[in-house]
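Trainee: 3D model of this:
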Amino acid sequence: MAPGRLILMPNTLDFGVDDALDLREVLPQRVIEQAARLGHWAAENAKTTRALLKRVDAVAPLAQPLQAVQIAELPRPPKGGRPAGDDAAAWRALLAPALAGHDLGLVSEAGLPAVADPGARLVALAHEAGVAVLPLSGPSSLLLALAASGLNGQSFAFVGYLPVDAAARAARIRELEALSARAQQTQLLIETPYRNEALRQALLAALKPGTRLSISVGLTLPGGWTRTATVADWRRSGPALPDRVPAVFSLLA
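Mentor: I've put the predicted structure just below:
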């Protein structure tokens with residue numbers, strides 16, 4: 001039997017936000033219809049995936065009852081690091097529906113799966129197993145923020161989260177600023193929403209006045225915005241950031 005495909009299903013960027021959008025405002029109709037057909041999913045969280053499928057069903061009726069849709073959760077890394085036994089078998093087991101001939105959807109909590117997302121490991125295993133990978137169009141907060149920033153879109157890097165410790169975080173910010181200046185490369189960062197304002201303050205404290213800082217908040221959401229200015233301008237005036245709305249930070253020295 002020929003294997004099915006691993007379909008990378010984009011999600012909205014309103015995870016954790018009270019006012020959910022109509023899916024058709026951010027996802028193409030054909031993507032929603034593809035999601036409605038799938039009966040097998042790999043996801044970070046089964047509960048939030050069911051919530052997404054309920055939104056899909058409101059636009060394109062599911063091919064089978066939601067209760068019959070199979071949702072397998074990605075293995076979670078144990079607290080304190082990797083255990084003695086490897087979890088590769090658990091990851092490979094997620095591909096069982098595809099190896100049995102069924103299309104398998106991979107979904108992230110927000111945006112494109114496998115981009116700043118643990119699902120990348122499943123994509124790698126799919127290639128190893130000869131399972132075709134089909135990415136579908138949808139929003140990526142990182143690329144939307146970069147496009148809206150006016151910073152260097154020809155050379156950029158996503159560096160993820162910064163250390164929580166204040167001293168280590170400041171050192172990492174200065175390191176990224178030096179790298180940006182040397183390579184003329186935009187550096188993209190994210191933070192847990194409730195620490196958005198803390199990161200903004202840390203960036204303003206550690207960066208040089210002439211470095212350009214762009215902050216995008218609530219992309220694709222009503223009231224979402226992007227502001228790009230020098231650090232000096234941000235220090236003189238700049239809005240405090242909400243603590244429940246996702247944000248992307250970009251800097252170019």
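
Trainee: residues contacting the helix ranked longest in the chain, please?
Mentor: Longest helix in the chain, counting residues (DSSP state H): helix 166-183. Residues outside helix 166-183 that contact it (CB atoms under 8 Å, 6 or more residues apart in numbering) are 155, 159, 162-163, 185-187, 189, 202-203, 205-208, 211, 251-253. Any C-beta I mention is one placed from the backbone N, CA and C, and that applies to glycine too.

Trainee: ditto for stretch 209-218
Mentor: Stretch 209-218 has contacts (CB under 8 Å, 6+ apart) with 13, 17, 141, 144-145, 148-151, 177, 180, 196, 200, 203-204, 207, 224-232, 234-235, 241-242, 245-253.

Trainee: how long is it from one end to the other?
Mentor: With CA to CA, to the nearest Å as the measure, the ends of stretch 209-218 fall 26 Å from one another.

Trainee: and for stretch 145-159?
Mentor: Stretch 145-159 has its terminal residues 14 Å apart, counting by CA to CA.

Trainee: mean confidence for that stretch?
Mentor: Averaging pLDDT along stretch 145-159 yields 98.

Trainee: in that stretch, which residues are buried?
Mentor: Applying a neighbour-count criterion of 16 or more other CB atoms under 10 Å, one finds 145-146, 148-149, 151-152, 156, 158-159 buried in stretch 145-159.

Trainee: among those, which are located in helices?
Mentor: Of the positions in the buried residues of stretch 145-159, 145-146, 148-149 sit in helices, assigned by DSSP H.

Trainee: about what we covered before: quick check: next helix or strand after the longest helix of the chain?
Mentor: The element immediately downstream of helix 166-183 (helix or strand, assigned by DSSP states H and E) is strand 186-190.

Trainee: what packs against the helix or strand bottoming out on mean pLDDT in the chain?
Mentor: Within the chain, confidence by mean pLDDT, DSSP states H and E is lowest for helix 88-93 among all helices and strands, at a mean of 92. Secondary-structure packing of helix 88-93 (3 or more CB pairs under 8 Å, 6 or more residues apart in numbering; DSSP states H and E): helix 120-129.
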